[in-house]
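In: coords below, sequence missing:
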């Protein structure tokens, strides 16, 4: 039986768990590969939650900094992507809390009537996805957070309630408000 050696292009790429283990030991190349595999998904989440590209960039950067520090805690008991996504989601929520200034609580909800940003998301998509992203960005912050977590990311109201430290009923109210506002924006 003849054995042929696989060319470098045919060699199996390491999975995320292997890369995470190598990166936890300080392998910067492995960490770079994790970044390349996951940055678009994390940025899309961050942009949908934050509504501003500059804040989404900050969330993306802070998520990967936090990942670098937390990698030794990843034991491979769950999928790396799910574990990191949860870490990035918590980082996004923390960053958004930090960005809320004292005065923002007293400002009217004027951004509902602004024109939608022209660059809603860094991923390619069809016109319906781009319209959805533009509408999401126009929602008030709490309604936007709940809507993205439920409608886009697939979390349940109970999970959203735990993540945002609100009741399940409040999650449902924010979600209903987001849907109603989006219907108004479409009409």
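Out: Happy to help now that I have it. The structure presented is a predicted model; accordingly, all values stated were derived computationally and were not measured. Numbering: from 1, shown residues only.

In: so how far is residue 159 from residue 38?
Out: Separation of residue 38 from residue 159 (CB to CB, to the nearest Å): 21 Å. In this view, the C-beta of every residue, glycine as well, is placed from N, C-alpha and C.

In: do residue 35 as well
Out: Distance from residue 35 to residue 159, by CB to CB: 27 Å.

In: tell me how many other residues surround residue 98.
Out: 11 (other CB atoms under 10 Å).

In: got a list of what it touches?
Out: Under the criterion of CB atoms under 8 Å, 6 or more residues apart in numbering, residue 98 has no contact partners.

In: surely residue 163 touches residue 155?
Out: Yes: proximity of residue 163 to residue 155 meets the contact threshold set by CB atoms under 8 Å, at 7.3 Å.

In: common neighbours of these two, please.
Out: In contact with both residue 163 and residue 155: residue 149, using CB under 8 Å, 6+ apart.

In: mind checking the SS state of residue 166?
Out: Under DSSP: H, G, I helix; E, B strand; the rest coil, the three-state class of residue 166 is coil.

In: phi first, then psi, for it.
Out: Note on residue 166: backbone dihedrals following degrees, to the nearest 10 are phi -130, psi 170.

In: which helix or strand in the protein has the lowest average pLDDT?
Out: Averaged element by element with mean pLDDT, DSSP states H and E, the chain has its least confident helix or strand at helix 127-137 (a mean of 78).

In: helices or strands up against the following helix or strand past it?
Out: Next helix or strand after helix 127-137 toward the C-terminus (DSSP states H and E): helix 141-147. Under the contact criterion of 3 or more CB pairs under 8 Å, 6 or more residues apart in numbering; DSSP states H and E, helix 141-147 touches helix 28-50, helix 80-99, helix 127-137, helix 157-164, helix 168-186.

In: quick check: which helices or strands does the third one pack against?
Out: Going back to what we said before, that points to helix 127-137. Using 3+ CB pairs under 8 Å, 6+ apart: helix 127-137 touches helix 28-50, helix 141-147, helix 168-186.

In: contacts for the shortest one next, please.
Out: When contacts are defined by CB under 8 Å, 6+ apart, helix 141-147 is touched by residues 48-49, 51, 93, 96, 136-137, 139, 160, 164, 171, 174-175, 177-179, 181-182.

In: please redo it, this time with the cut-off set to 6 Å
Out: 49, 136, 160, 171, 174, 175, 177, 178 (CB atoms under 6 Å, 6 or more residues apart in numbering).

In: likewise for the longest one?
Out: Taking contacts as CB under 6 Å, 6+ apart, the residues outside helix 28-50 that touch it are 19, 22-23, 56, 59-60, 63, 88, 92, 121-123, 136, 145, 148.
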